[in-house]
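Asker: The following block contains a protein sequence and its predicted model.
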Amino acid sequence: MSVQKGIKAASEYVKEAIATTEKFNKKGANLFDLLSRTPKNGVDSCYKRKNWRFDTYYKITKVILSADGKHGTAWGIHYYHGKARSETHEKIHGALKKDLWKHIPQEKLQQYAISREVHEYDQWILENAMKQNEEAVKNVAQQ
């Protein structure tokens, strides 16, 4: 079969896609670039800034993208130290900053939750041990 004039071969589309990906890798992608490449424009997915702690992120609730997918407005629920700051969604600021945002897979969120529970349990054990130690010191001092 011959390729008709005006219709690109599949390899041309692949080359354009690779060039676009390389362009994103060179300049970095903003949040809207990342959201436009995900199913449902990233709604119900989680994103964090690269300089934030592992358990601080936004869960995307609403997205309005421009036609090119590089600009828009996004809202989400902000989680700080693994806990929602509020039940209502808020506008995400700094979404246009390049090479700042990172997608968090659902498996990672589950690992974060487990590690947070372990950390809280360790803190509880440490606090109880310190209380018992203080009580023991008081008892020895009273005798």
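Answerer: The structure has been received and is ready for your questions.
Asker: helices or strands next to the helix or strand hosting residue 64 in the packing?
Answerer: Using DSSP states H and E, residue 64 maps to strand 57-65. Judged by 3 or more C-beta pairs under 8 Å, 6 or more residues apart in numbering; DSSP states H and E, strand 57-65 is in contact with helix 31-36, strand 46-49, strand 72-80. From N, CA and C alone the C-beta is placed, and that goes for glycine too.
Asker: any chance of those in JSON lines, plus distance to residue 128?
Answerer: What follows is these, written out as JSON lines (distance: least, C-beta to C-beta, whole Å):
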{"stretch": "helix 31-36", "distance to residue 128": "43"}
{"stretch": "strand 46-49", "distance to residue 128": "33"}
{"stretch": "strand 72-80", "distance to residue 128": "26"}
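Asker: what's the closest of the ones you listed to residue 105?
Answerer: The closest of the helices and strands packed on strand 57-65 to residue 105 is strand 46-49. By C-beta to C-beta, the value is 8.3 Å.
Asker: okay, now the domains of this structure?
Answerer: The chain breaks down into these domains under automatic domain parsing: 29-104, 105-143.
Asker: Please enumerate the helices of this protein.
Answerer: 10-27, 31-36, 106-142 (DSSP state H).
Asker: helices and strands of the chain: which one has the lowest mean pLDDT?
Answerer: helix 10-27 (a mean of 64; mean pLDDT, DSSP states H and E).
Asker: Quick check: bridge partners of the residue nearest the centre of the chain?
Answerer: When C-alpha atoms, centre = their mean is applied to the chain, the residue found nearest the centroid is residue 47 (2.1 Å). Listed by DSSP bridges, the beta-bridge partners for residue 47 are residue 58, residue 103.
Asker: Now do the same contact list for it.
Answerer: Counting by C-beta atoms under 8 Å, 6 or more residues apart in numbering, residue 47 touches 31, 34, 35, 57, 58, 60, 76, 101, 102, 103, 104.
Asker: mind checking pLDDT for it?
Answerer: Reported pLDDT at residue 47 in the predicted model: 93.
Asker: ditto for residue 93
Answerer: 93.
Asker: Could you measure from it over to residue 82?
Answerer: Going from residue 93 to residue 82 by C-beta to C-beta, to the nearest Å gives 21 Å.
Asker: and residue 48, how many neighbours?
Answerer: By other C-beta atoms under 10 Å, 19 other residues sit near residue 48.
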